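Student: Requesting a structural model of the entry that follows:
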Amino acid sequence: MRHKQIWAVVFTALTLLSCKKEYSTGGGSPQFTPPAHFPEPVYTFKTNPLTKNGITLGKKLFYDPILSADNSISCGSCHAQMHAFADHNVALSMGVGGKLGKRNSPTLSNLAWYPSFMADGGINHIEIMPLAPITDSLEMAETMSNIVQKVAADSTYRALFKKAFKTEVIDDQKIFYALAQFMGTIISANADYDKYINGKLTFNASQERGLNLFRQHCESCHKEPLFTDFSFKNNGIDTAFAYIVRGRITQDYNDYGKFKVPTLRNIEMTYPYMHDGRFYKLEDVIDHYSEGVKASHSKDASVNNLHLSTQEKQDLINFLKTLTDYSYMSNVNYAE
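Tutor: As a prediction, the model looks like this:
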């Protein structure tokens, strides 16, 4: 499925910094105002008009274990707001029946700007993204037909769907629409970094040095202000791969071992790090890029050992901590 050109909407003022351009879906619906220093979003709600009732329904679905085969796992189980919508600081997430997933659960924020989803980029639309964890045998292990039946049998859900979509007819598309409405409104744009960019805060000397180091060595992949360029890179974490990741999608040997570049927003709160959660401290991550990069056939040419000094490592960490957005992690509009 190719991306539709649609505009996203958010109904909370806590995460909006300043007006850049407003997009109204009409009919008294909420508006989405991209933060002034953000680029234009990829996803909008032109064919999925966002409403307060749609967001409410999407949030209920996001936090409801009814989406899993044994009614034990919800989206929020592995994407907890208090951990910046990553998992509870565990390397691999636990799915139905105690099964462990294959990859570290990513943080969820600013999804309206994402051109693709999953570590391998195998899903290119926010409306379809939940299908992967829902149907994965190691995660929620459910089918959409079963979910539709369970949701349709619930009188509360029937009422919510009628409010959101003006019909009691419940199908998988409306479920995906509602989830997209909630997930698309989860925005992180009020960290100290954002305040600095908007002239509302001054960095200390170490944070300033860290920002300069970041722009010199890291921004080619972790592009400001989203702190990812959404490309697929092998960062020299291994010399051989028990996984092919992006290569599974492209069937190109040169893409074996390449993962989508993750956002660094709220990285202080989303440990452990890397696809398998092998590093539990930011210091470990910085050490990898300083001295631990390994050669392999698909390692990105821009990723090489930086040989940072002790002070430079600390400066980088101090800067990365300015990406922590506490208002986003305490925003009641996102809470269960």
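
Student: now stretch 294-303: how far from the chain's centre is it?
Tutor: 25 Å (C-alpha atoms, centre = their mean, to the nearest Å).

Student: just stretch 79-98 next, same as before
Tutor: On C-alpha atoms, centre = their mean, the centre of stretch 79-98 falls 13 Å from the chain's centre.

Student: Show me which residues of that stretch are buried.
Tutor: Of the residues in stretch 79-98, 79-81, 83-87, 90-96 count as buried by neighbour count, 16 or more other C-beta atoms under 10 Å. Quick note: C-beta positions are derived from backbone N, CA and C, even for glycine.

Student: again with stretch 127-134
Tutor: Neighbour-count burial for stretch 127-134 flags E127, M129, P130, L131, P133, I134 (criterion: 16+ other C-beta under 10 Å).

Student: so which pair among those is furthest apart in space?
Tutor: Using C-beta to C-beta, these span at most 14.1 Å, a distance reached by E127 and P133.

Student: quick one, phi/psi of N234?
Tutor: Phi and psi for N234, reported as degrees, to the nearest 10, are phi -100, psi 110.

Student: How about the contacts made by it?
Tutor: G257, K258, F259, S296, S298, K299, D300, V303 (C-beta atoms under 8 Å, 6 or more residues apart in numbering).

Student: List the single closest residue to the residue nearest in space to the middle of the chain in space, sequence neighbours excluded.
Tutor: Here the mean C-alpha position of the chain is nearest to the C-alpha of L108 (C-alpha atoms, centre = their mean), at a distance of 2.8 Å. Nearest residue to L108, sequence neighbours excluded (C-beta to C-beta, 6 or more residues apart in numbering): F85, at 3.8 Å.

Student: any chance of the contacts of N234 in TSV, with pLDDT and distance to L226 too?
Tutor: Putting those into TSV (pLDDT from 0 to 100; distance: C-beta to C-beta, whole Å) gives the following:
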residue	pLDDT	distance to L226
G257	95	23
K258	97	19
F259	97	17
S296	96	27
S298	96	24
K299	96	24
D300	96	19
V303	96	19
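
Student: among the residues you listed, which ones are buried?
Tutor: Applying 16+ other C-beta under 10 Å to the contacts of N234 flags G257, K258, F259, S298, K299, D300, V303 as buried.

Student: Am I right that the third one falls within a helix?
Tutor: No - F259: not assigned to a helix; according to DSSP: H, G, I helix; E, B strand; the rest coil it is strand.

Student: So it is in contact with S298, correct?
Tutor: No - between F259 and S298 there is no contact under C-beta atoms under 8 Å: 10.7 Å.

Student: Please enumerate the helices of the stretch 51-200 of the chain.
Tutor: Assigned by DSSP state H, counting those that start in this stretch, the helices in the stretch 51-200 of the chain fall at 52-62, 75-78, 131-135, 144-152, 155-165, 172-184, 192-197.

Student: what's next to the fourth one, contact-wise?
Tutor: By that I understand helix 144-152. Residues from elsewhere that reach helix 144-152, judged by C-beta under 8 Å, 6+ apart: 61, 66-67, 69, 131, 134-135, 157-158, 161, 170-172, 175.

Student: Likewise for the longest one?
Tutor: Surrounding helix 172-184, the residues in contact under the criterion C-beta under 8 Å, 6+ apart are 8-10, 43, 45, 48, 50-51, 54-55, 57-59, 61-62, 75, 108, 111-112, 126-131, 144-145, 147-148, 151, 161, 164-165.

Student: What average pLDDT does it get?
Tutor: Averaged over helix 172-184, pLDDT sits at 97.

Student: How far away from the center of its chain is that helix?
Tutor: The answer for helix 172-184 is 15 Å, by C-alpha atoms, centre = their mean.

Student: And the contacts of stretch 200-210?
Tutor: 192, 195-196, 211, 312, 314-320, 322.

Student: got the end-to-end distance for that stretch?
Tutor: Terminal residues of stretch 200-210 are spaced 19 Å apart (C-alpha to C-alpha, to the nearest Å).

Student: So the nearest residue to P39 once chain neighbours are set aside versus P225, what's the distance?
Tutor: Nearest residue to P39 in three dimensions, chain neighbours excluded: W113, at 6.9 Å (C-beta to C-beta, 6+ apart). To P225, W113 is 10 Å away according to C-beta to C-beta, to the nearest Å.

Student: Comparing the two, which residue is more hemmed in?
Tutor: W113 (21 against 18; other C-beta atoms under 10 Å).

Student: gap between that one and S188?
Tutor: With C-beta to C-beta as the criterion, W113 and S188 are 11 Å apart.

Student: in the stretch 101-250 of the chain, which spans are strands?
Tutor: 232-233 (DSSP state E, counting those that start in this stretch).

Student: which residues touch K59?
Tutor: Here K59 is in contact with F182, Y334 (C-beta under 8 Å, 6+ apart).

Student: For burial, what's the neighbour tally of H217?
Tutor: Neighbours of H217 using other C-beta under 10 Å come to 19.

Student: what residues are up against it?
Tutor: Applying C-beta under 8 Å, 6+ apart to H217 gives the contacts Y289, L306.

Student: repeat for the one 3 residues further on
Tutor: Going by C-beta under 8 Å, 6+ apart, S220 touches D229, S302.

Student: that older thread, mind picking the one among the contacts of helix 144-152 that's closest to S327?
Tutor: L61 (24.0 Å).
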